[in-house]
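1. Provide a 3D model corresponding to the input given below.
(chains A and B)
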2 protein chains.
Amino acid sequence: MNDLKTRILGLVADDLVAIEAALAENLNPHLDLVREVAGHILFSGGKRLRPLLLLLVTRMCGYRGEDDTPFSISFEYLHAATLLHDDLIDGAELRRGRPVAHSIYGNATTVLVGDFLLARALSLAARTGKIEIIEVVAGITENMSQGEIHQLSRKGDITLTEEEYREVIHRKTAVLFEGTCRAAAYLADAPESQVEAMAAYGVNLGLAFQMADDLIDYTSDTAVLGKKAGADLREGKLTLPVIAALAAAPEHARRRMQAIILNPDFSPDDFEVLKTDLNHHGGLAYTRQCAEEHVRRAKAALEVFAPSSTTDILRDIADYTLSRKA
Amino acid sequence: MNDLKTRILGLVADDLVAIEAALAENLNPHLDLVREVAGHILFSGGKRLRPLLLLLVTRMCGYRGEDDTPFSISFEYLHAATLLHDDLIDGAELRRGRPVAHSIYGNATTVLVGDFLLARALSLAARTGKIEIIEVVAGITENMSQGEIHQLSRKGDITLTEEEYREVIHRKTAVLFEGTCRAAAYLADAPESQVEAMAAYGVNLGLAFQMADDLIDYTSDTAVLGKKAGADLREGKLTLPVIAALAAAPEHARRRMQAIILNPDFSPDDFEVLKTDLNHHGGLAYTRQCAEEHVRRAKAALEVFAPSSTTDILRDIADYTLSRKA
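-> Modelled structure (predicted):
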């Protein structure tokens, strides 16, 4: 665990305890099986980044009510629902070092528990009594499902452009961060300028987070990741490190990379060759630069707020997206 | 097409035209693929019963606004979303005489388009600006997913009781009809007595509808059904005709029925033997009686309203649940 993560966790320890309790209390299923499957994905070492963002942003916007903790977890339920569906869709095997839910409970139950978690997220959002918040939550799900379909429809296509990649990660990842921060500002009845600032913080944090995630797949190993290294490539997902390296590499190197990318059974040695090419042709450096730019923009968005311990933590969280290893 | 259906369709022809147009207009996907998959399930000869109910109930409760048509289709989107997920879960092959979506577009895209339709339903509900409506829509999805999980977890279990069967069909089918009628009354700002009357109409209509559906699987043939006869049994779903016949049959007949039920590869001849037993031991008659009782209760719930052409149509729709053949 790096120093930044340790510091953040120390500062939000009480919030995390409240989030864990609320996650278990608000699930409310009628069936033990639903609790078990939902629990498998919910209580497996997630970072709770989304509910934590909600608590921090509401606090920064001066919220004094008691709806923040129960509402915060609707974003973790939403996140968990998409993980259940996405792991199934990607044919993933491991998540956070444990077998994925569908390998234990079957596809059918996994799809349905995902639906249940989506619905619970919505019910919790409805409890806030704010229509603008419901619209945000519905919009998140519309975008995420379409981002995943877009990614799926371009699976294994080496002509994917950086622009299209950005559109996909915006929908599938950044919209949830943006929506969490925006909904938090709405919950606190923040003025429009603060709502837009928080939305900008969220969307840039989300883009940085996904780019860092895509980078990690080429810079960490299986033990640290909790899933197989090279999983993105194996699932036919072309991400920025590859797109940027393909665009920059000379013909012979591009052909070598393409041959590995297009081979569904690439070997560990092939993967090492590819990583060397990604590094050599600037794919890793460019992705890191882009992520850094989004971190910079996320932190700049915080400037409409007076400095406080909460703005400090939100700044630390933005920096953390780039320092994490898994 | 039977006479009752012809009469109802004549009376609601304008509503159905408005519903068809709204279904296409409000889909609003960013991707053509989403429109294609959603269109495959949405425009394949569905009865539009749920949006139609919404329009009729809002009218009966004196609604004069223009949100009814766009809002009505959120219940068709919700219904279509669950059909996409359920067909996949059941391993179904045909729906309304056409190959199911997942056999054409694959499981992954089908799951995600289902998620998208759920989210669209929610967005349309949010547009009404009424929190109590959002709560109804969220509650529908929570119940439907749990009803399906419950059914799935008891798949092929011949000890399923009538009570448990009723709990399953309540959640997986009746809650959507109940919620549609309740939300319609909320949209019209109807007094509490009318809201509860419409909820009672909806839940009883839904129970009758599902019982009739479960009956049809043993009384119609493949050509009329648009899917294979005996599909429920093949999918391990024990429904009321079977549960009631098993409970009433003497030991030797029960054993004969159980042998067929528990054989995943039962022959067409086996299926005929089973149908004879279901008939002989009262499973079909009892299911029909129960459905009739719910139709009676649905119609009784309408009595809080002054008689009108709309109450007549709602009465006809209740009767129609028992007269349909597919």
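
2. which strands and helices sit next to the longest helix along chain A?
-> In chain A, ranked by residue count with DSSP state H as the criterion, the top helix is helix A:192-219. Counting contacts by 3 or more C-beta pairs under 8 Å, 6 or more residues apart in numbering or on different chains; DSSP states H and E, helix A:192-219 is packed against helix A:49-60, helix A:162-169, helix A:175-187, helix A:231-234, helix A:240-248, helix A:283-301, helix A:309-323. For every residue, glycine as well, the C-beta is placed using N, CA and C.

3. can you pull the contacts of the residue in the stretch 201-326 of chain A positioned nearest to chain B?
-> With C-beta to the nearest C-beta as the measure, A:Glu235 is the residue of the stretch 201-326 of chain A nearest to chain B, at 10.7 Å. Contact partners of A:Glu235, counting by C-beta atoms under 8 Å, 6 or more residues apart in numbering or on different chains, are A:Asp90, A:Gly91, A:Ala92, A:Lys155.

4. whichever strand or helix holds A:Glu36 vs chain B: in contact?
-> Applying DSSP states H and E as the criterion places A:Glu36 in helix A:32-42. Yes - contact of helix A:32-42 with chain B (C-beta under 8 Å from any C-beta of the partner chain) involves A:Leu33, A:Val34.

5. A:Ile104 and B:Gly147, how far apart?
-> Distance of A:Ile104 to B:Gly147, computed by C-beta to C-beta, to the nearest Å: 22 Å.

6. have a look at these two and say which one is more surrounded.
-> B:Gly147 (24 against 13; other C-beta atoms under 10 Å in any protein chain shown).

7. name the helix or strand for the more buried one, please.
-> Taking DSSP H and E as the criterion, B:Gly147 maps to helix B:131-153.

8. surely A:Gly62 touches A:Ala190?
-> Yes - at 7.5 Å, A:Gly62 and A:Ala190 qualify as touching, with contact defined as C-beta atoms under 8 Å.

9. of these two, which one has the most company?
-> Taking neighbours as other C-beta under 10 Å, A:Gly62 and A:Ala190 compare with A:Ala190 leading, 22 against 10.

10. which ones are touching that one?
-> A:Cys61, A:Gly62, A:Met198.

11. just give me the closest of these to A:Glu163.
-> Checking the contacts of A:Ala190 against A:Glu163 by C-beta to C-beta gives A:Met198 as the nearest, at 25.9 Å.

12. that closest one: neighbour count?
-> Counted with other C-beta under 10 Å, A:Met198 comes out at 30.

13. which bits of the stretch 151-300 of chain A sit near chain B?
-> A:Leu152, A:Ser153, A:Arg171.

14. touching, the first one and B:Thr109? I think so.
-> Think A:Leu152. Yes - between A:Leu152 and B:Thr109 there is a contact at 6.3 Å, judged by C-beta under 8 Å.

15. what's the closest non-adjacent residue to A:Ala249?
-> The shortest distance from A:Ala249 to any non-neighbouring residue, by C-beta to C-beta, 6 or more residues apart in numbering or on different chains, is to A:His281 (4.1 Å).

16. dihedrals phi and psi, the one you found?
-> Dihedral pair for A:His281: phi -100, psi 20, per degrees, to the nearest 10.

17. ditto for A:Asn28
-> Per-residue torsions, A:Asn28: phi 50, psi 50 (degrees, to the nearest 10).

18. end-to-end on stretch A:255-273?
-> Its first and final residues considered, stretch A:255-273 spans 12 Å by C-alpha to C-alpha, to the nearest Å.

19. next one: the spatially closest residue to A:Lys275 that is not a sequence neighbour, what pLDDT does it get?
-> Take A:Lys275 and drop its neighbours on the chain: the residue closest to it by C-beta to C-beta, 6+ apart is A:Tyr218, 5.5 Å away. On pLDDT, A:Tyr218 comes in at 93.

20. got it, and A:Val113?
-> 93.

21. re the thing from before, packing partners of the helix holding B:Gly147?
-> helix A:32-42, helix A:107-126, helix A:131-153, helix B:68-90, helix B:107-126, helix B:162-169, helix B:175-187.
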